[in-house]
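**Student:** Build me a structure from this.
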Amino acid sequence: MKYPQEQIKPYSSSGKKSEQVEKMFNNIAHHYDLLNHTLSMGIDKGWRRKAIAWLKPFHPQKMMDVATGTGDFAIQAYRDLLPQELIGTDISEGMMNIGKDKVKKLGLEQNITFAKEDCTNLSFTENTFDAITVAFGIRNFENLDKGLSEMHRVLTQEGHLVILELTTPDRFPMKQLFAIYSKIVIPTLGKLLSKDNNAYTYLPQTIQAFPQGEVMKGVLEKAGFRNVAFRRLTFGICTLYTATK
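**Tutor:** Next comes the predicted model:
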């Protein structure tokens, strides 16, 4: 099935989305953390903690953080869960290079590793990971169904999936306020700080187009996941999805 956000690309309507997304994140890598925390006013840190807390009772020992970016989620997950192995995967070397520097400064390079991976064609064998996390990256997948199918494949039986994704609030007045914020504030700040005119126009468009709530729950169930649930955070600006293989 084709989803609306799969047709939205950062730079051109032609060409592969994955290649354009890789280029975009390489371009904004050095400004990404500043922009991310500024645009979310730091609330994103609390969202990450809530996502990681859901995994605590399961004590995952082998984890993969998909679309790991600059590694913030992977680092927090390691600190809170202490798995034996945690690998962050992404298509952007530029983003992961910053993550590698963070991990090295923290002395965690033996605990957290990084690998360039296409989420729609993972190199890992079946039943490899007992937990997979994706924070603010799943709407960039070129093929959502294939990406979910691949994550399902490499999860162990009874393994767990956690997804954090930005969403559009559906109630007054947050719906109207977020519309103004995403259409005006995010592109303006993104242009000023990152110098990439396209990136922070593309990102709000994908938030609006991405399936959310009950629709996303159905997409996860179609991919083979069970016990799928979701929880809206901060008036619906972000949604936490949880599922089990």
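**Student:** pull the longest strand from this structure.
**Tutor:** strand 155-166 (DSSP state E).
**Student:** Okay, buried residues for the lowest-mean-pLDDT helix or strand in the chain please.
**Tutor:** Lowest by mean pLDDT, DSSP states H and E among the helices and strands of the chain is helix 186-194, with a mean of 75. Neighbour counts over helix 186-194 (16 or more other C-beta atoms under 10 Å) mark Ile186, Pro187, Gly190, Leu193, Ser194 as buried. C-beta: built from backbone N, CA, C; applies to glycine.
**Student:** could I have it exported to CSV, CA atoms only?
**Tutor:** Provided in CSV are the C-alpha atoms of helix 186-194 (Å, rounded to 0.1, in the frame of the first residue of the first chain):
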residue,chain,number,x,y,z
ILE,A,186,9.5,25.3,11.9
PRO,A,187,10.4,26.3,8.3
THR,A,188,11.6,29.7,9.4
LEU,A,189,13.9,28.5,12.2
GLY,A,190,15.0,25.6,10.1
LYS,A,191,16.1,27.9,7.3
LEU,A,192,17.9,30.3,9.6
LEU,A,193,19.8,27.7,11.6
SER,A,194,20.4,24.9,9.1
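**Student:** so what secondary structure elements neighbour that helix?
**Tutor:** helix 17-39, helix 199-209 (3 or more C-beta pairs under 8 Å, 6 or more residues apart in numbering; DSSP states H and E).
**Student:** Nearest to Pro173, out of those?
**Tutor:** Nearest to Pro173, of all these, is helix 199-209, at 17.4 Å by C-beta to C-beta.
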